[in-house]
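1. curious how this folds, go ahead:
(2 chains)
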Protein chains: 2
Amino acid sequence: MKAESIRINSKRLNDRIQEMAQFGALASGGVKRLTLSPQDKAARDLFKQWMEELGLEIAIDEIGNMFGILKGKNADRCIGIGSHLDSVPTGGRYDGPVGALGALEVAQTLIENNVQLNSTLVVANYTNEEGVRFFPDMMGSLAHVKPEEVPNYLKAKDKNGITIDDALKEIGYNGGMKCGTLRYNHFIEIHIEQGSILEERKIDIGIVQSVQAIHWLKLTLIGKSAHAGTTPIHARNDAFYALSKLSCFARELCYKIKDQLITIGTIEVKPNVINVVPEEVVVTLDMRNLSDDKLKLAINQIENFIATDESFAHIKVSKEVLVNVPAIPFNENVVNAIDKSCQQLGYSSYKMHSGAGHDAQILATQFPAAMIFIPSKNGVSHDVDEYSSPEQIEKGANVLLHTVLHLDE
Amino acid sequence: MKAESIRINSKRLNDRIQEMAQFGALASGGVKRLTLSPQDKAARDLFKQWMEELGLEIAIDEIGNMFGILKGKNADRCIGIGSHLDSVPTGGRYDGPVGALGALEVAQTLIENNVQLNSTLVVANYTNEEGVRFFPDMMGSLAHVKPEEVPNYLKAKDKNGITIDDALKEIGYNGGMKCGTLRYNHFIEIHIEQGSILEERKIDIGIVQSVQAIHWLKLTLIGKSAHAGTTPIHARNDAFYALSKLSCFARELCYKIKDQLITIGTIEVKPNVINVVPEEVVVTLDMRNLSDDKLKLAINQIENFIATDESFAHIKVSKEVLVNVPAIPFNENVVNAIDKSCQQLGYSSYKMHSGAGHDAQILATQFPAAMIFIPSKNGVSHDVDEYSSPEQIEKGANVLLHTVLHLDE
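-> Coordinates of the predicted model:
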């Protein structure tokens, strides 16, 4: 059988995705599988069992990243494929597992078809991609490319004061392999789109060329609390009113600057009493753009508004940058290999950008990488209603399989 | 000694205010004395002891309102004076106690000077004026004028599920007198201004002619949560952006409509995650105006904005009116008696309105009433930094004394 004619086993892959969804299953049909939780341990254990049954060599690194290694003919070549198994608190069944189990399916298909690659193939599950329980997100892939940060990551605490180190030991995934040991010549990740571009255009596969730049800003605005019934408007120093004006300005910026996204997602008000003018507001801005320069322009405009708008005249503002990741261009060779696979398989494809962060963008800072997107129903993600059909998942995994074959040539 | 020459004992009154501040004393110098708490019981006990030492007849009603009764010559006439002893969680020493202890001081001064009034004089401490532990605020005075509501009030629960009934029994202030038994011919309350008009104008006494209308509105705005990185601005249904626009519009209304105040004091956002567009915002609007008609206009404009602004186009809004109190005009005779007293005492005075709610405004719905304001340093209240000087308090109590004498003529 010629390699170009082989296909993944759609039923097996889709059954495994549904089987994995039992761990942390919510009544709503979604999943709560926070990283390193008992539910994540159960998911990891099954993933490890499947890899062992296939004969892959198992390696766990210091941050709990899991690898199933299929040796190739040439010890100097290595292709990584995979994603993550953790979820957000009210997450879906597909964000992560499609990539991790899709990678496993590719390895199994190669083995079953007696295809031995030149490259060693690594099937990966990265720790704490979601970043809900521990900060920062994409921690496992960050540890892979910045092993010097591992001692800090191990000290990261969840809201109950449990460290990553404790949590890894608790579930037995404190591995012995040094982070960053595996050196990929290429890395490819399948993921659900988390947007509606593919669905709207009725496209099978998104070929991801880059990930947009992200800037997370935490602002603390301090005004003065005052009695709601006795303090004239002109005498108020209202931290929430200042935020309201900033929020409206941020929306205007999104209309003015191409591809600019700004989201005010978290707001805490003090004293949060019905008849007291807010003294303090702590708020986060999630700002993204495909262009580093345009994102910088938006950040400058926000800072300029705070410095000059009258609503901020007597508000004390402190800023903290939580995340600042430049736009990540993916590797042209990997992108071309995905494109070629889509053409050979007869799938429609669309070159696009990723709005969300992914392990592949972190790994791309050291290894030639790219991503394969499959459609998300209604663009929903990080939600129990997340859905991609068995056929869409099958196509994504077939593209991954053939991309691996092309990159192995 | 002619009645017009008598004066209250400033040292005794101010010492008592400071002694009262020990109950619930905060390290910051402020007071936390939530209604019917152990701290409130201790304050009540001392207040009762002082009234008993003076020979006042003690009566406690079903809602825990405390009265010290000094019989007059004419059984058909009755003047009520007083305020409250409870505080907000980080309150000051003056909001409430100045009025309750000022009333006690007036009774003591009359007794010491052998002045027997025609009217019976009632010194009052009303339960739960602040409304922090139990809803609604000004509950004691409400029970006085609406005894039919007492069974409902007794069932009101604090956040730990303790009812007013339980709390009254726990501290032994579940009195036997029916609420509303005492019928005042006049009621007068001294209170700190809680604003800075008197201080800025260097005025001794505020003669309060009315209390502004209050409308508390709770809004729940439901949009749709979405990924901050993948959802285009035009496809968002952002509940917090809608609130931001409403907040800016509310501020414009305050500039346009005379005497209009709007405060957005409490905000809760869901899911409150940095990279998720807010799905739900629960928010309160505190709206006040001296004019009922102008307040209605403002409420209509807010409702119209919600119904027509594009930011609310796909936001589901539910409304709940928490409080709706019309403007309360005070009694002209009582206002004139306060005015005359200020003139006789040589104190500067200023006719004004109250922005805050007070027991006197509730009692004014059945009894001719008015209020005496004394200056608040920097206009601060409901805060540990609340301050009025001993001289300012002395002047307020002397005005109360002579207002009682005039109304008794």
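
2. test my guess that A:Lys319 contacts A:His215.
-> No: using Cβ atoms under 8 Å, A:Lys319 is not in contact with A:His215, being 11.2 Å away. Glycine gets a C-beta too; all of them are placed from N, C-alpha and C.

3. higher neighbour count, the two?
-> The residue with more neighbours, out of A:Lys319 and A:His215, is A:His215; 22 against 12, by other Cβ atoms under 10 Å in any protein chain shown.

4. dump the residue contacts of the more buried one.
-> The contact partners of A:His215, by Cβ atoms under 8 Å, 6 or more residues apart in numbering or on different chains, come to A:Leu285, A:Met287, A:Arg288, A:Leu295, A:Ile299, A:Val321, A:Val323, A:Asn324, A:Val325.

5. are we agreed that it is in a strand?
-> Yes: under DSSP: H, G, I helix; E, B strand; the rest coil, A:His215 falls within a strand.

6. coming back round to it: now a PyMOL select for only the buried ones of the contacts of A:His215.
-> The following PyMOL line selects those of these that are buried, judged by 16 or more other Cβ atoms under 10 Å in any protein chain shown:
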select buried, chain A and resi 285+287+288+295+299+323+325
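
7. what's the closest of the contacts of A:His215 to A:Asp86?
-> A:Val323 (18.1 Å; Cβ to Cβ).

8. picking up where we left off before, narrow the contacts of A:His215 to those in helices?
-> Secondary structure from DSSP state H places A:Leu295, A:Ile299 of the contacts of A:His215 in helices.

9. closest to chain B out of the contacts of A:His215?
-> Closest approach between the contacts of A:His215 and chain B, by Cβ to the nearest Cβ: A:Arg288, at 5.4 Å.

10. list the contacts of the closest one.
-> A:Arg288 sits next to A:Gln212, A:Ala213, A:Ile214, A:His215, A:Gln260, A:Leu261, A:Leu295, A:Gly355, B:Ala228, B:Gly229 when contact means Cβ under 8 Å, 6+ apart.

11. any idea how far it lies from A:Val150?
-> Relative to A:Val150, A:Arg288 is positioned 28 Å away (Cβ to Cβ, to the nearest Å).

12. can you list the strands that the lowest-mean-pLDDT helix or strand in chain A pairs with?
-> Here the helix or strand of chain A ranked lowest by mean pLDDT, DSSP states H and E is strand A:226-227, holding a mean of 86. Paired neighbours of strand A:226-227 in the sheet (DSSP bridges): strand A:276-277 (antiparallel).

13. contacts for the strand it pairs with, please.
-> With contacts defined as Cβ under 8 Å, 6+ apart, strand A:276-277 is touched by A:223-228, A:231, A:236-238, B:263, B:265, B:382.

14. mind doing that once more with 7 Å?
-> Residues external to strand A:276-277 that are found in contact with it (Cβ atoms under 7 Å, 6 or more residues apart in numbering or on different chains): A:Ser225, A:Ala226, A:His227, A:Ala228, A:Thr231, A:Arg236, A:Asp238, B:Thr263, B:Gly265, B:His382.

15. among those residues, who's most crowded?
-> Among the contacts of strand A:276-277, B:Thr263 has the most neighbours (other Cβ under 10 Å), with 29 neighbours.

16. quick check: A:Cys254 touching A:Ile262?
-> Yes: counting by Cβ atoms under 7 Å, A:Ile262 is a contact partner of A:Cys254 at 5.5 Å.

17. the two: which is more packed in?
-> It is A:Ile262, of A:Cys254 and A:Ile262, that has more neighbours when counted by other Cβ under 10 Å, with 26 against 21.

18. how close does that one get to chain B?
-> For A:Ile262, the distance to chain B (Cβ to the nearest Cβ, to the nearest Å) stands at 8 Å.

19. A:Thr90 too?
-> Separation of A:Thr90 from chain B (Cβ to the nearest Cβ): 8 Å.

20. confirm that A:Arg93 sits in a strand.
-> No: checked against three-state DSSP, A:Arg93 lies outside a strand; its state is coil.

21. what's the neighbour count on it?
-> A:Arg93: 23 surrounding residues under other Cβ under 10 Å.

22. can you pull the pLDDT of it?
-> A:Arg93 carries a pLDDT value of 97.

23. where do the strands sit along the stretch 151-300 of chain A?
-> A:186-192, A:205-211, A:213-222, A:226-227, A:261-270, A:276-277, A:280-289 (DSSP state E, counting those that start in this stretch).

24. lowest average pLDDT across those strands?
-> strand A:226-227 (a mean of 86).

25. next one: that one to chain centre, how far?
-> Distance of strand A:226-227 from its chain centroid, counting by Cα atoms, centre = their mean, to the nearest Å, is 43 Å.

26. other residues contacting it?
-> Here strand A:226-227 makes contact (Cβ under 7 Å, 6+ apart) with A:Arg236, A:Asn275, A:Val276, A:Val277, B:Gln194, B:Gly355, B:Ala356, B:Ser381, B:His382.

27. one more time with 10 Å, if that's ok
-> The contact list for strand A:226-227 (Cβ atoms under 10 Å, 6 or more residues apart in numbering or on different chains) reads A:232, A:235-238, A:275-279, B:95, B:194-195, B:261, B:263, B:286, B:355-356, B:376, B:379-383.

28. mind checking which of these are buried?
-> Of the contacts of strand A:226-227, these count as buried by 16+ other Cβ under 10 Å: A:236-238, A:275-279, B:95, B:194-195, B:261, B:263, B:286, B:355-356, B:376, B:379-383.

29. if anything else comes up later, I'll come back, but that's it for now.
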